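A.B. asks: no sequence on hand, only this structure:
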Ligand code: NAP
């Protein structure tokens with residue numbers, strides 16, 4: 001076992017192992033977590049309580065997660081050397097223990113030099129010196145601007161698929177008429193595209209060099225005062241993502257996989273993503289799939305029993321389709337940027353980010369996370385909705401194969417929402433609802449699981 005400087009590896013519990021590419025999960029797995037910045041600690045406390053209760057109720061002590069704290073963002077600044085927001089041993093621990101869960105992290109947005117990890121405010125030097133305190137909240141936890149820790153985690157751990165199931169929970173207020181028709185799982189490529197971080201700022205020598213190359217050597221024309229970003233999309237990156245999406249559809253008996261792209265405009269990146277997707281479907285899953293062209297050419301428009309339909313849609317059309325005919329979609333595979341937009345839009349359609357879960361999955365490790373940010377204005381108010389992280393925990397339990405505990409949480413969460421006992425974000429959209437704190441919402445879910453267990457007994 002790797003030795004760690006700040007991470008305390010628990011005495012009890014065992015490591016999850018990979019055997020022949022499959023997870024081997026002990027009854028007492030050690031699972032690393034970090035609560036995150038801003039409202040992260042509030043939602044993590046509620047989530048951990050719900051997960052522990054569900055496991056206890058489902059397995060009567062025969063299984064249990066042994067939690068191990070690791071550090072990133074503000075917690076890393078507090079525990080490691082100055083300005084360390086993502087320690088190497090956090091990455092090592094996630095790789096070694098295979099499955100981890102995290103709260104949201106502050107990510108700098110503007111062009112300022114320093115970032116406050118408590119309230120997300122950004123500011124410049126103070127008379128040429130590093131500011132001692134945040135101008136907005138007064139905290140001392142200011143650190144020089146850094147690249148998104150979330151993006152670094154995904155890239156450094158090669159967590160190439162961002163998986164986001166989006167479905168409606170009965171009782172959740174939402175803007176569409178038939179939310180029950182919406183039940184999709186989005187596989188978003190997580191490491192390439194414009195997120196590769198290959199950008200050149202206008203006015204820099206690097207930008208000038210790239211501009212000169214593109215205009216003089218490649219014959220392209222565009223304004224010389226442009227910022228320049230590069231969008232790499234590879235065959236390897238596309239095919240491993242689409243392969244995972246198709247395998248998921250097979251394992252979960254889903255009717256279709258839709259490859260979403262903007263290939264009509266970006267032919268050699270997004271268009272290639274589509275072509276490589278069909279290639280992997282036809283070469284690796286030939287006996288399990290039918291393409292949309294084959295559906296009409298060979299099967300008169302009727303999908304043969306047991307087969308999965310592989311189709312593709314242009315990204316902008318996909319937004320319309322998800323609003324108008326959501327029940328025609330099941331699993332989506334998308335490049336990075338499109339997937340980012342579609343995931344949030346889809347979550348809004350069924351009631352918002354507060355209850356949208358997510359996971360970042362690679363071949364060696366998986367990291368489950370809340371999909372929303374740190375919501376800094378609610379920090380330490382015990383107020384925001386922990387549903388997103390709780391449902392990410394449900395995805396994690398399913399990943400471990402602990403389906404009974406996962407099911408208990410989902411039905412208790414549904415029950416809690418149907419009782420109209422919810423956090424402020426849902427309460428303000430419901431009539432006659434009772435507003436609960438983050439911790440109370442977690443308690444309410446745990447109570448429902450307890451009731452379900454005593455009825456079953
Ligand atoms: P945000 O933290 O997601 O919050 C935006 C708004 O969404 C909140 O003000 C709140 O709306 C609502 N919201 C978010 N989480 C909620 C929850 N759990 N329950 C109920 N409502 C919730 O987005 P942001 O303010 O743009 O970003 C803040 C920081 O988080 C930034 O540093 C950003 O980069 C970072 N971020 C991190 C991640 C991540 O770690 N995965 C993802 C996105 C953003 P109302 O005010 O209307 O109630």
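C.D. replies: The structure has been received and is ready for your questions. Computed from a prediction, not measured in an experiment: that's the story for all the values here.
A.B. asks: which SS class is the most centrally placed residue in the chain?
C.D. replies: In the chain, the residue lying closest to the centroid (Cα atoms, centre = their mean) is residue 358, at 3.4 Å. Three-state call for residue 358 (DSSP: H, G, I helix; E, B strand; the rest coil): strand.
A.B. asks: residues of this structure that sit close to the ligand?
C.D. replies: Proximity of the chain to the ligand (Cβ under 6 Å from any ligand atom) is limited to residues 43, 104-107, 109, 120, 150, 353-354, 369, 372-376, 384-385, 388, 425. Every C-beta, even on glycine, is put in place using the N, C-alpha and C of the backbone.
A.B. asks: run a quick neighbour tally on the residue of the chain found nearest the ligand.
C.D. replies: Residue of the chain nearest the ligand, by Cβ to the nearest ligand atom: residue 373 (2.5 Å). Look at residue 373: counted by other Cβ atoms under 10 Å, it has 18 neighbours.
A.B. asks: I figured it hits residue 38, correct?
C.D. replies: Yes. At 7.4 Å, residue 373 counts as touching residue 38 under the criterion of Cβ atoms under 8 Å.
A.B. asks: so residue 255 is in contact with residue 306, correct?
C.D. replies: No. Using Cβ under 8 Å, residue 255 is not in contact with residue 306, being 10.3 Å away.
A.B. asks: more neighbours: these two, which one.
C.D. replies: Between residue 255 and residue 306, residue 255 has the larger neighbour count (other Cβ under 10 Å), namely 14 against 9.
A.B. asks: coming back round to it: ok, the closest residue to the residue of the chain closest to the ligand other than its chain neighbours to residue 349 distance?
C.D. replies: Excluding its sequence neighbours, the residue lying closest to residue 373 (Cβ to Cβ, 6 or more residues apart in numbering) is residue 104, at 5.0 Å. Separation of residue 104 from residue 349 (Cβ to Cβ, to the nearest Å): 21 Å.
A.B. asks: these two: who's more crowded?
C.D. replies: Each of residue 104 and residue 349 has its neighbours counted (other Cβ under 10 Å); residue 104 has more, 25 against 19.
A.B. asks: how many residues are close by residue 173?
C.D. replies: Around residue 173 there are 17 residues (other Cβ under 10 Å).
A.B. asks: filter the residues of the chain next to the ligand to the buried ones?
C.D. replies: By neighbour count, with 16 or more other Cβ atoms under 10 Å, the residues of the chain next to the ligand hold 43, 104-107, 120, 150, 353-354, 369, 372-376, 384-385, 388, 425 as buried.
A.B. asks: please list all residues in contact with residue 413.
C.D. replies: Taking Cβ atoms under 8 Å, 6 or more residues apart in numbering as the criterion, residue 413 is in contact with 169, 387, 390-391, 445.
A.B. asks: try 7 Å
C.D. replies: Applying Cβ atoms under 7 Å, 6 or more residues apart in numbering to residue 413 gives the contacts 169, 387, 390, 445.
A.B. asks: need the buried ones from these selected in ChimeraX.
C.D. replies: A single ChimeraX command is used to select the members of the contacts of residue 413 judged buried by 16+ other Cβ under 10 Å:
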select :169,387,390,445
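A.B. asks: any chance of a markdown table for the contacts of residue 413, columns pLDDT?
C.D. replies: Compiled in a markdown table, these are given as follows (pLDDT from 0 to 100):
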| residue | pLDDT |
| --- | --- |
| 169 | 89 |
| 387 | 95 |
| 390 | 97 |
| 445 | 97 |
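A.B. asks: keep only those of the contacts of residue 413 that are in helices.
C.D. replies: 387, 390, 445 (DSSP state H).
A.B. asks: pretty sure the last one contacts residue 410?
C.D. replies: No. At 9.9 Å, residue 445 does not count as touching residue 410 under the criterion of Cβ atoms under 7 Å.
A.B. asks: excluding its backbone neighbours, what's nearest residue 82?
C.D. replies: residue 143 (7.9 Å).
A.B. asks: now the phi/psi pair for the one you found, please.
C.D. replies: When read as degrees, to the nearest 10, the backbone of residue 143 gives phi -140, psi 150.
A.B. asks: also residue 426?
C.D. replies: Residue 426 adopts backbone torsions of phi -90, psi -40, taken as degrees, to the nearest 10.
A.B. asks: neighbours of it, how many?
C.D. replies: With neighbours defined by other Cβ under 10 Å, the count for residue 426 comes to 25.
A.B. asks: picking that back up, out of the contacts of residue 413, flag the one nearest to residue 291.
C.D. replies: Among the contacts of residue 413, residue 169 lies closest to residue 291 (Cβ to Cβ), at 33.4 Å.
A.B. asks: show me where this structure has helices.
C.D. replies: Taking DSSP H as the test, the helices found in the chain are 40-59, 74-79, 88-97, 149-156, 205-212, 235-251, 272-284, 292-299, 315-324, 336-349, 387-400, 403-418, 424-427, 438-456.
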